[in-house]
Structure formats: structure tokens, C-alpha cells
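Novice: Here's my sequence, what's the structure:
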Amino acid sequence: MVSRHVAAVQRRSPNELALMARAGEIAAAALARALEAIEPGVSTSAIDRAAEETIREAGAVPSFLGFNGYPASTCISINDVVVHGIPSEHVRIEEGDIVGVDVGAIYKRYHGDNAATKAVGEAPAEALRLLQVTSECLALAIEQAQAGNQLRDISSAVQEHAEGAGYSVVRQLLGHGIGRQMHEPPQVPNYYSPGEFAEYELTLRPGMVLAIEPMINVGGPAVKVDVDGWTTRTADGSLSAHFEHTVAVTKNGPRVLTPRS
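Specialist: Okay, here's the model as predicted:
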């Protein structure tokens, strides 16, 4: 059982939101470039370099590089890797893989964070369905990021759609608030378990900014971490998908700060 107290949640001013929007645009451009670079035979390090170049060319710096000792600018997660896959020259993309890319950028001290998972070539139908459902989970969660709603509305939207499709929701990894730090209060679970998180009862207010990131598995929800201390896989070896946007709560509804086509 966690504490019943929710740490103070920052509400960003219009000027701060403008800076976060720019950080988000840069992070989204880096993600788009990384996804374009994903092809059979390409190393995950090459994909990482493409994303980092995009960030630095825009006058920003990578959020992930050096964060708690993380050694790269992106996380690149293949098939059963849920998140935090470390790019390597020795890991190459193969036909039929699903590849998740998570990337963040810091612009004038503010962070943008986003992720998406891509199928490579002729991926299995089950993999394509997983990507579709996980993307839908994110869209449904964003719809609930309305001023006056409670944070549990976001959590429930993800869980209900994923489990309704026969998938499971990762419970050991959560979304988060974001701003001058990459991870800020509140925690944003992708499932609703009454009493487990005080954040469930948080009322969303204009100016709050959340990184909403469903992580959905074909098999069970449990995960395990490799000996590198980062790479997080499904415990049962099943496929996993991850999608994320940075989203501001406004009086006019949710505003995605990491827009992409």
C-alpha cells in the first residue's frame, strides 16, 4: 500500500507551456526520425544516433542521456522488451519485429517525452493487433485528461480497453508528471486498483502536464529486468507495445504537446 498523500503537482503557466510545447515538438521530431530509420539490418545504435542528431540540431539536449546513468539518448525495445532497451551496434532490426522507441528532449530546462512502437515489414497479425489496441489505449486515455476529471479516469480508460481486447496492462511501470524534471508528481498508473495509489483521486486541473504511456502485453502483466539494470522484458516472453504522449490539461480539453502525424 502506498502513501495516501500525493506530492504537490505543478501547474504550468502559459509561458511554461509554450516552452514545453517546443520541447515536445522536438521530442516528436526525434521520434519520427527514429521510426523512419527502423529497417531490417539497421542497428539500434544507428537509430539512436538519428534521434539524437534531430534533438541537438533543434537546440535541445536528450532527456535520457545520462539520466540515472542511462547510456543513450533513446530507449529501443524489441518484441518482448517492454521499455528501456539500450541501443547497441550489436543489435539489429529483423523483418517481423515490433520496435518501440522512447525519446525525450530538454528545451530551455523543460522536458518533452514520447514513444511509439512500429512493426517492421511483414509482422504477424497478432503483433499488428497489439500495436493497434495499445495506440487506442493512449488515445482513450488522452480523452480523459480533462479538467475536473480524476486521474483514475485515465487509468481506467487504458485498463478497460486493453483487457477488453484480451491483453494485460503492465503494473510495475507507470506514466508520470513532467516539466522541469522528466519525472514529476503525479504517478500515472495504466490500471485502476482502488486504494493502491493516492493519485487516483487527484482532480485534474488546467496547467497540469502528464506523460501518459500505456505498456500493454499479449501475455501476463509481469516483467523482469535484465542484468544490465535497464532492459525490461515481459516475464513470459510475450510481445509488448508502448505508446506515449506528453499531454497538458487545459480549460479547453487535453492538449498533446508531442504531436505527430
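Novice: Leaving out the residues flanking it, which one is nearest to Leu35?
Specialist: Counting by Cβ to Cβ, 6 or more residues apart in numbering, Leu35 lies nearest to Lys118, which is 5.2 Å off, once chain neighbours are set aside. From N, CA and C alone the C-beta is placed, and that goes for glycine too.
Novice: what does Pro62 give?
Specialist: Nearest non-adjacent residue to Pro62, counting by Cβ to Cβ, 6+ apart: Ser73, 3.7 Å away.
Novice: How about Asp228?
Specialist: According to Cβ to Cβ, 6+ apart, the nearest residue to Asp228 is Ile86 (6.2 Å).
Novice: residues in contact with that neighbour?
Specialist: Contact partners of Ile86, counting by Cβ atoms under 8 Å, 6 or more residues apart in numbering, are 70-72, 75-76, 228, 230-231.
Novice: Tell me which residues of stretch 37-57 come out buried.
Specialist: Of the residues in stretch 37-57, those buried by neighbour count under the rule 16 or more other Cβ atoms under 10 Å are 37-38, 42-52, 54-55.
Novice: how about low-confidence regions in the stretch 1-150 of the chain?
Specialist: Applying pLDDT under 70 to the stretch 1-150 of the chain picks out residues 1-5.
Novice: which residues of it fall in helices?
Specialist: Ranges of helices within the stretch 1-150 of the chain are 14-37, 44-57, 125-143, based on DSSP state H, counting those that start in this stretch.
Novice: Remind me what the shortest one packs against, helices and strands.
Specialist: Helix 44-57 makes packing contacts with helix 14-37, strand 61-62, strand 74-78, strand 98-107 when contacts are defined by 3 or more Cβ pairs under 8 Å, 6 or more residues apart in numbering; DSSP states H and E.
Novice: Which strands or helices does the shortest one pack on?
Specialist: Packing contacts for strand 61-62, counted by 3+ Cβ pairs under 8 Å, 6+ apart, involve helix 44-57, strand 98-107.
Novice: In TSV: the ones you listed, plus distance to Ser13.
Specialist: As requested, the helices and strands packed on strand 61-62 are exported to TSV (distance: least, Cβ to Cβ, whole Å):
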stretch	distance to Ser13
helix 44-57	24
strand 98-107	16
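Novice: for the ones you listed, which one sits closest to Gly207?
Specialist: Distances from Gly207 to each of the helices and strands packed on strand 61-62 were compared using Cβ to Cβ; the shortest belongs to strand 98-107, at 18.3 Å.
Novice: can I get the CA coordinates of that closest one in PDB?
Specialist: Output of strand 98-107 as PDB, limited to C-alpha atoms (Å, rounded to 0.1, in the frame of the first residue of the first chain):
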ATOM      1  CA  ILE A  98       8.000  -4.800 -33.400                       C
ATOM      2  CA  VAL A  99      10.200  -2.000 -32.200                       C
ATOM      3  CA  GLY A 100       9.400   0.600 -29.600                       C
ATOM      4  CA  VAL A 101      11.200   3.900 -29.400                       C
ATOM      5  CA  ASP A 102      11.000   6.200 -26.400                       C
ATOM      6  CA  VAL A 103      12.700   9.600 -26.600                       C
ATOM      7  CA  GLY A 104      12.700  12.800 -24.700                       C
ATOM      8  CA  ALA A 105      14.200  16.300 -25.200                       C
ATOM      9  CA  ILE A 106      15.000  19.200 -22.900                       C
ATOM     10  CA  TYR A 107      14.500  22.700 -24.300                       C
END
